[in-house]
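K.L.:
how would this look folded up:
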Amino acid sequence: MPPKTNGETNIQPTKHIQTIFSYGKVGALITIKPILSWLLAGAILAAMVSYTYNTVTNSVTTLICPSIWGSYIPFCQEVRAPVPDFSQLVEKQVNLYETMTSQYNPDTISAIELKKVELATRDLQVMIKYSGLGSAHLLDDKLGDYLLRSRDLGRKIQSLQAKTKGTIDNLITYNSFILRKLHELETKRGSKQELRKLYETSMGLVEDEAARLILAIEEAQGCLDRLEEDLYSIQEITTQETYFQDQHRPSLLADILNMISGKGMRRPLVEKNMMLLNNFDIQRRDAAEKLKLMLHRMIAFQTDLEELRSQVVRPIIIADSLPLEVHIENVGKGIARLRQSKVLETSPKEPLLVGKD
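P.N.:
Okay, here's the model as predicted:
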């Protein structure tokens, strides 16, 4: 018998190792197979139980929960709970911010209009500074104060407008999330308990947005008050100067005597000063009227915000006077109208079905 070579000697241990691994794989499969079978059977059984439970629950909730006996069944409490009045909450937001962003309303004063008044006042300041008025220096100082306050007010108004648009963006985001949750409830994937929590959270978020805007309005109102003080001071000075000019208006005979004596005529100078005062008074009244309109609009807006705050801070869970489908439709309309307010569209708005106030 020929002796074994080194190659044949190395092949035999390799075959033994492969045989051991083959037996190990077979043993592992034999051990794991029953476990996998039990897991698969358990998953199928759990799915069948879940399907049966959901079917029975839906049947019971549909047949029994709406009846008077449903109030005594614990799991019917969730079904019988009313849907929070999201329609009223969204309607309040829409009415409020449609008013704020209505730039085409004739009683709205913008930062551009304030800039026009500022430029006109600057022209008057230059004219008065080099005029022959007795109170020219005092008027020049007051007009300078008015210009500084006017610029400050313009910045506050621009900040208020930016914050208003930012608030609208936030409200669109909040209401879009509400709409998604309402759709989940409609498809049986959400619960009314989640909606109540969402409603309370939404009230808190809207209240925060309202508080932020109220603070911006109060700052603008402070600027308006200081600007009105300057206007009243200027009015008082111009009234006194007008009275002085009327008292010292030269007569025609005095003009003739002055012309004969070589002193020149004073009447043209006085007439020029009077015309300057009259023009300035017209500008002042126009600016004061616009400022009063703006103040009135801001006060009305603040009143609306206070009403909205009273709506959102109260724990309102009213009787379910509107079905879920109507709430979904109203929230969708509200989001669309808020987007229209954001881009300043003036097309007719479709009213929401809000039911009771």
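K.L.:
what is the host helix or strand of Gly222 packed up against?
P.N.:
Using DSSP states H and E, Gly222 sits in helix 192-247. Contacting helix 192-247 under the criterion 3 or more Cβ pairs under 8 Å, 6 or more residues apart in numbering; DSSP states H and E are the following elements: helix 76-80, helix 86-100, helix 136-186, helix 267-313. Yep, even glycine has a C-beta here, placed from its N, CA and C like the rest.
K.L.:
neighbours around Gly144, how many?
P.N.:
Using other Cβ atoms under 10 Å, Gly144 has 15 neighbouring residues.
K.L.:
same deal with Asp169?
P.N.:
12.
K.L.:
what do you get for Gln158?
P.N.:
Gln158 is flanked by 13 other residues according to other Cβ under 10 Å.
K.L.:
same question for the one 10 residues further on.
P.N.:
As a burial measure, the neighbour count of Ile168 was computed by other Cβ under 10 Å and equals 22.
K.L.:
dump the residue contacts of Lys223.
P.N.:
That one is not Lys; residue 223 is Cys. Cys223 is in contact with Arg149, Asp152, Leu153, Lys156, counting by Cβ atoms under 8 Å, 6 or more residues apart in numbering.
K.L.:
and what of Thr201?
P.N.:
No contacts exist for Thr201 under Cβ under 8 Å, 6+ apart.
K.L.:
any figure for the gap between it and Gly42?
P.N.:
Separation of Thr201 from Gly42 (Cβ to Cβ, to the nearest Å) stands at 38 Å.
K.L.:
ok, the contacts of Cys223 vs Glu98, which is closest?
P.N.:
Closest to Glu98 out of these is Lys156 (22.1 Å), distances taken as Cβ to Cβ.
K.L.:
so who does the nearest residue to the closest one once chain neighbours are set aside touch?
P.N.:
Leaving aside its sequence neighbours, Lys156 sits nearest to Ala220 (Cβ to Cβ, 6 or more residues apart in numbering; 4.2 Å). Contacts for Ala220 were tallied using Cβ under 8 Å, 6+ apart; they are Leu153, Lys156, Ile157, Leu160, Met298.
K.L.:
hang on, the second one packs against Leu215?
P.N.:
To tie it back to what came earlier, the one meant is Lys156. No - using Cβ atoms under 8 Å, Lys156 makes no contact with Leu215, being 11.2 Å away.
K.L.:
more neighbours: these two, which one.
P.N.:
Shown here are Lys156 and Leu215; by other Cβ under 10 Å, Lys156 has more neighbours (20 against 12).
K.L.:
which ones are touching the more buried one?
P.N.:
Counting by Cβ under 8 Å, 6+ apart, Lys156 touches Ala216, Glu219, Ala220, Cys223.
K.L.:
what's the closest non-adjacent residue to the last one?
P.N.:
Read that as Cys223. In this structure, Cys223 finds its nearest non-sequential neighbour in Leu153, 4.1 Å apart by Cβ to Cβ, 6+ apart.
K.L.:
check contacts around that neighbour.
P.N.:
Here Leu153 is in contact with Leu114, Ala220, Cys223, Leu224, Leu227 (Cβ under 8 Å, 6+ apart).
K.L.:
measure the second one to Gln235 for me?
P.N.:
Counting by Cβ to Cβ, the gap between Ala220 and Gln235 amounts to 22 Å.
K.L.:
cool, and the fourth one?
P.N.:
Taking Cβ to Cβ as the measure, Leu224 falls 16 Å from Gln235.
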